[in-house]
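Asker: need the 3D shape of this:
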Amino acid sequence: MIQKKYAKLSALIIFAILAVFTAQPAFGQSGGGGESAVPFLLIAPNARADGMGEAGAALSDDGSASYWNPGGLAFAKGQEISITHSNWLPQFHLSDLFYEYFSYTQNIEDWGGTVSGSIIYLNLGSFERRDDQNNNLGTFKAYEFAITGGYSTKVATDLGLGLNIRFIYSALDPNPSQGQGIKGVGSTVSFDIGTLWKPSSIVLPLVGDIEDRFSAGMNLSNLGPKITYIQKSQADPLPTNLRLGLGFKIVKSEFNNLEAVVDFSRMLVRRYPQVKDDSGRVVQESYVDNLPKSLFSSWGSGGLKKVTVAGGLEYWYGKPKLFALRWGYFYEHPDYGNRKFMTFGAGIRYDIYGFDFSYLSTLEENHPLSETLRFTLLISWGGEEQEE
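Answerer: Predicted coordinates for the structure are as follows:
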C-alpha cells in the first residue's frame, strides 16, 4: 500500500524547489516555508525583460505584456506570437525540468483594444513512488500550467488599462495515495489588473519638454481564491503581487536608442507562523489572511524590506530596430530571500521575426539559478512601424 507520507514528501520537495528559486520572494528569513503556492506564476516569461534584470512593467510593448503589465497592450498594433523556452534550475542538471511560455496578441480596431492569450507550462520532472517496504512502484510526472486570456484598451490618449483572467492547474503528485483518492493536485482561477501611462509630452522645470521619453506602469496580479491540494483547511494563497515600473528613454535618435527601466515588486501575502507554548504544545496553527485583507495586512510583515528592485538598460541600433544589447540587476533584501544577480541579453529583429536571449549570473557560487538561459522567438505582423 502506498504511504501518504511519500506522496507528501514528493509534493514538499517540488514545492521547496519552486518556493526558493522562483522570480519573486517566496521564502522568509526563517526558511520556514513558502509564502504562497504556485510560485511558477512569478517566473519571468521572456528573454527581453529577463535581460534587463526582470523589469518590464513600464516596457510592456510586446506579447509578454500580458504578464508584466496587460495595460501596455492597449498601445499594441497588429498581431504577435511569442514563444519562450528555458531549462529551469540548470545547476541541478535535470533535462526534464523546463519552462515554456506561449502568448498571442491581436489588436482589434472594431473592439477598441487588444485581446491576448498565453500559456505557461512548468515541467517538474519525474519522481519515484515507493511503498512502506521501500519497493519502487513506478514513477509519476509533476507539472503545472496556467492559461490566461485578457483584454486591454485605452481609457485616455496616453493611458492604457488591461485585465486578465487565468485558470491555474498544479499537479505535484497526480496519483491517489493510500487508496483514499487523495491527490496532490489543485486548481483555481485568478485575475490581473494593469495600467500603463505613456505621456506624449511632459514639461519639467529647468529641463523643458521631454516629449514621449517617460513611461510608468502598475500591475496587480494573481488575485484569486486559495488553491487546495489535500484539505480545504490547508489551502494556500496565490502569489498576489504588486509591481510598479518606470521607464525613461535616455537616448532617442534615428539609429541609436537607449532606455532605462526599473521595477519595484512586492508579494501581498500575509502568513502567520505557528505558535507554541513553553512546553512545545501548538497553541495556534499557521494561517494566512484572505483577500482583500491581505492586500493591506501583508505590509505589516517585512514592510518595505520585502520589496524587490529590478532594473536594467536596453540599447537598440538600426532603423528600423535591428539588434539590441541588454543588461540588468536584481536585488532582494538579505532577510527575505537574499537573491542578487545580474542579467545580460541580446536581440535581433528582421522583417516580422525577432529573437531574444538572456543569461543570468548569480553573485554566489553554485546557486541553482546560475547560468539560466532563456530563448524567445517573436513573430509580429500587421502593425505600423514604430517611431524611433
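
Asker: pairing partners for the helix or strand that contains Leu378, with directions?
Answerer: Using DSSP states H and E, Leu378 falls within strand 372-381. Paired strands of strand 372-381, with direction, are strand 79-87 (antiparallel), strand 353-362 (antiparallel) (DSSP bridges).

Asker: and the ones you listed as TSV, adding distance to Lys293 and mean neighbour count?
Answerer: Quick note: C-beta positions are derived from backbone N, CA and C, even for glycine. Supplementary listing: these in TSV, determined by distance: least, Cβ to Cβ, whole Å; neighbours: other Cβ atoms under 10 Å:
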stretch	distance to Lys293	mean neighbour count
strand 79-87	35	21
strand 353-362	35	19
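
Asker: figure out which of those strands is closest to Arg129.
Answerer: Between Arg129 and these, the tightest spacing by Cβ to Cβ is seen for strand 79-87, at 25.2 Å.

Asker: how about Gln91, secondary structure?
Answerer: The local conformation at Gln91, judged by DSSP: H, G, I helix; E, B strand; the rest coil, is helix.

Asker: nearest residue to Arg271 in space, please, no chain neighbours.
Answerer: Nearest residue to Arg271 in three dimensions, chain neighbours excluded: Val288, at 4.7 Å (Cβ to Cβ, 6 or more residues apart in numbering).

Asker: got the phi/psi numbers for that neighbour?
Answerer: For Val288, the backbone dihedrals (degrees, to the nearest 10) come out as phi -130, psi 150.

Asker: these two touch, right, it and Leu238?
Answerer: No. Applying Cβ atoms under 8 Å, one finds Val288 not in contact with Leu238, separated by 10.5 Å.

Asker: more neighbours: those two, which one.
Answerer: Ranked by neighbour count (other Cβ atoms under 10 Å), Val288 and Leu238 place Leu238 first, with 24 against 18.

Asker: residue contacts, that one?
Answerer: Counting by Cβ atoms under 8 Å, 6 or more residues apart in numbering, Leu238 touches 36-38, 41, 168, 188, 190, 222-227.

Asker: in ChimeraX, how would I select the buried members of the residues you listed?
Answerer: The command below creates a ChimeraX selection of those among those that count as buried (16 or more other Cβ atoms under 10 Å):
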select :36,37,38,41,168,188,190,222,223,224,226,227
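
Asker: tell me the one among the contacts of Leu238 nearest to Tyr353.
Answerer: Using Cβ to Cβ, the contacts of Leu238 come closest to Tyr353 at Leu41, 28.4 Å.

Asker: can you list residues touching both of Val288 and Leu238?
Answerer: Common contacts of Val288 and Leu238, defined by Cβ under 8 Å, 6+ apart, comprise Lys226.

Asker: spatially central residue for this protein, please.
Answerer: Central residue of the chain (Cα atoms, centre = their mean): Leu42, 2.7 Å from the mean position.

Asker: correct me, but that residue touches Asn241?
Answerer: Yes. Counting by Cβ under 8 Å, Leu42 touches Asn241, with 6.5 Å between them.

Asker: which residue comes closest to Pro70 once chain neighbours are left out?
Answerer: Gly162 (2.8 Å).

Asker: residue contacts, that neighbour?
Answerer: For Gly162, the contact set (Cβ under 8 Å, 6+ apart) comprises 65-66, 69-74, 150-153, 192-196.

Asker: restricted to buried residues, select those in ChimeraX.
Answerer: A single ChimeraX command is used to select the members of the contacts of Gly162 judged buried by 16+ other Cβ under 10 Å:
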select :65,66,69,70,71,72,73,74,150,151,152,192,193,194,195,196
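
Asker: which pLDDT value goes with the residue nearest to Arg271?
Answerer: Val288 is assigned a pLDDT of 89 by the prediction.

Asker: before we move on, what about the one 4 residues further on?
Answerer: According to the per-residue confidence, Pro292 scores 93 in pLDDT.

Asker: likewise the one 10 residues further on?
Answerer: On pLDDT, Gly302 comes in at 91.

Asker: doesn't Tyr336 make contact with it?
Answerer: Yes. Between Gly302 and Tyr336 there is a contact at 5.7 Å, judged by Cβ under 8 Å.

Asker: tell me the contacts of Gln284?
Answerer: 272, 274-275.

Asker: does Trp327 sit in a helix or strand, and which one?
Answerer: Residue-wise, Trp327 maps onto strand 323-331 under DSSP H and E.

Asker: ok, now Ala49?
Answerer: helix 47-50.

Asker: what helices and strands are in contact with the helix or strand just after that helix?
Answerer: The helix or strand immediately downstream of helix 47-50 is helix 65-68, counting by DSSP H and E. The contact analysis (3 or more Cβ pairs under 8 Å, 6 or more residues apart in numbering; DSSP states H and E) places helix 65-68 against strand 98-108, strand 113-130, strand 136-156, strand 159-177.

Asker: can you list these in a markdown table and add mean pLDDT and distance to Met218?
Answerer: Below are these laid out as a markdown table (pLDDT from 0 to 100; distance: least, Cβ to Cβ, whole Å):
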| stretch | mean pLDDT | distance to Met218 |
| --- | --- | --- |
| strand 98-108 | 96 | 20 |
| strand 113-130 | 89 | 18 |
| strand 136-156 | 91 | 13 |
| strand 159-177 | 88 | 10 |
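
Asker: save the ones you listed as TSV, and put in distance to Phe330 too.
Answerer: Listed next are these as TSV, based on distance: least, Cβ to Cβ, whole Å:
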stretch	distance to Phe330
strand 98-108	17
strand 113-130	20
strand 136-156	22
strand 159-177	24
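
Asker: and these: which comes nearest Ile250?
Answerer: Here strand 159-177 is closest among the helices and strands packed on helix 65-68 (Cβ to Cβ), at 22.9 Å.
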